[in-house]
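Q: pasting the sequence and the predicted coordinates here, then a few questions.
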Amino acid sequence: MKSSIFTKFTKVLSLSVLTLGLTTSSLHAETKKDFKVAWSIYVGWMPWDVIASEKIIDKWATKYGINIDLVQINDYIESINQYSAGQFDGAAMVNIDALSIPAASGVDSTVLIMGDYSNGNDVIISKTANDVKDLKGSTLNLLELSVSHYFLARTLEKNGLSERDISIVNTSDADIVSAYTTADVQNVVAWKPQVSEIMKMDNAKNIYDSSKIPGEIMDMLVVNTQTLKDNPNFGKAMVGAWYEMMGIMTSNSEKSKKYKTFMAMNSGTDLAGFNDQLKTTHMYYDAKKAVEFVQSPEIIKTMKFISKFSFDHGLYGDGASDENFVGIEFPNGKTIGDKGNIKLRFDDTYMKMAAESSL
């Protein structure tokens, strides 16, 4: 489930604890055979459920003489915190969380797989407003310091407004649907599947969605950089299993339907509901397309937006002097931020191998 942190105080405290509590293994990785990767429920990450249950990951791990345990964690943020503390070698997460939690905490992390981006899953819904400019002076309910918060900030910016023009009421993703049913709540920012539930109500209007900022809300598989460097077979097995699954999902076969039905059921919906979520999720089924996206200049622009949002909202903690606090590396040697503190890396190496079928 996609969400960032609860309150600024909790987030900064969490970063401090993580920074102090990094395990020796996360700082000094070494060659090993056993790996653990965390994932949580979200449409773009449900393939990991099938990859684990159908033993696709076991096949690829065996090919490279290693063992990989894919672990579902019900609390998304907790999965990232556990990864950051060295309890997992990798985790599924959104780009803003990859930057503001592990990377900002000092955990050098690599984007191994670019899975998808939200292409309409995140929505501003209103009972009264007809467009974004109508939101001026109003109150919006959303999960503060989350993907929804970033999406709102970018939406306001693109429509000539800012956060100073609105008020925010911090509302958990678990409560956002019920909140909209109350008379006091006029506007919410949420993501699917909650959006689907809210949009069934008579007084719900989609006034802006994430298809207007394509490529900015990315869902990724992030791994510890040193672990990957010391264990390239770990990267090969993970990427091999993922793109085998992507091939099945696009095969229009009975197996594809069976697996999608399984993913739908385990994510709390039916096949129609799951397919509805997929429609507004730009999945990178093709490794070549994922590589092209990671190499594009647009991703650099997006991460500059993410860096500024993270600094402006205190997600880097008190030690950061500006948005360049964390260095971010892209393919072909391009970087932004502090080159002496590169902690997030968009690496196309293993996806290239999948595109070239050299795994």
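A: Received, thanks. Residues are numbered from 1 along each chain as shown.
Q: so for stretch 328-336, what's the average pLDDT?
A: Mean pLDDT, stretch 328-336: 95.
Q: list the contacts of that stretch.
A: Applying C-beta atoms under 8 Å, 6 or more residues apart in numbering, the contact partners of stretch 328-336 are 99, 103, 294-295, 299-300, 303-304, 307, 324, 327, 337, 342-348. In this view, the C-beta of every residue, glycine as well, is placed from N, C-alpha and C.
Q: which ones among those are found in helices?
A: Among the contacts of stretch 328-336, the members falling in helices (DSSP state H) are Val294, Gln295, Ile299, Ile300, Met303, Lys304, Ser307.
Q: of those, which pair is most distant in space?
A: Within those, Gln295 and Ser307 form the most distant pair, 19.2 Å apart (C-beta to C-beta).
Q: ok, these two, which is more surrounded?
A: Ser307 (27 against 16; other C-beta atoms under 10 Å).
Q: can you give me the strands in this protein?
A: 34-39, 67-72, 90-94, 109-118, 122-126, 139-142, 167-170, 187-191, 205-209, 218-224, 281-283, 327-329, 335-336, 342-346 (DSSP state E).
Q: just name the most buried of these.
A: strand 90-94 (a mean of 28; mean count of other C-beta atoms under 10 Å).
Q: Met114 contacts Val294, correct?
A: Yes: assessed by C-beta atoms under 8 Å, Met114 is found in contact with Val294 at 5.4 Å.
Q: between these two, which contacts overlap?
A: Common neighbours of Met114 and Val294 (C-beta under 8 Å, 6+ apart) are Phe346, Met351.
Q: got the angle for the longest helix seen in the chain vs strand 218-224?
A: Determined from DSSP H, the single longest helix within the chain is helix 232-249. Here helix 232-249 runs at an angle of 150 degrees relative to strand 218-224 (axes from the mean of the first three to the mean of the last three C-alpha atoms, to 10 degrees).
Q: report the buried residues of helix 232-249.
A: Across helix 232-249, burial judged by 16 or more other C-beta atoms under 10 Å covers 233-246, 248-249.
Q: swap in stretch 183-200?
A: In stretch 183-200, counting by 16+ other C-beta under 10 Å, buried: 185-198.
Q: stretch 123-137 now?
A: For stretch 123-137, burial by neighbour count (16+ other C-beta under 10 Å) applies to Val123, Ile124, Ile125, Ser126, Ala129, Val132, Leu135.
Q: center of the protein - which residue?
A: For the chain, the residue sitting closest to the mean C-alpha position, by C-alpha atoms, centre = their mean, is Val94 at 1.6 Å.
Q: touching, that residue and Val222? I think so.
A: No: using C-beta under 8 Å, Val94 is not in contact with Val222; the gap is 9.7 Å.
Q: which residues does Ile80 contact?
A: For Ile80, the contact set (C-beta under 8 Å, 6+ apart) comprises Ala38, Ala91, Met93, Asp97, Ala98, Ile101, Pro102.
Q: rewinding a little: selecting buried members of the ones in helices among the contacts of stretch 328-336 in ChimeraX, what would you type?
A: Typed into ChimeraX, the line below selects the buried ones among the ones in helices among the contacts of stretch 328-336, using 16+ other C-beta under 10 Å:
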select :294,295,299,303,307
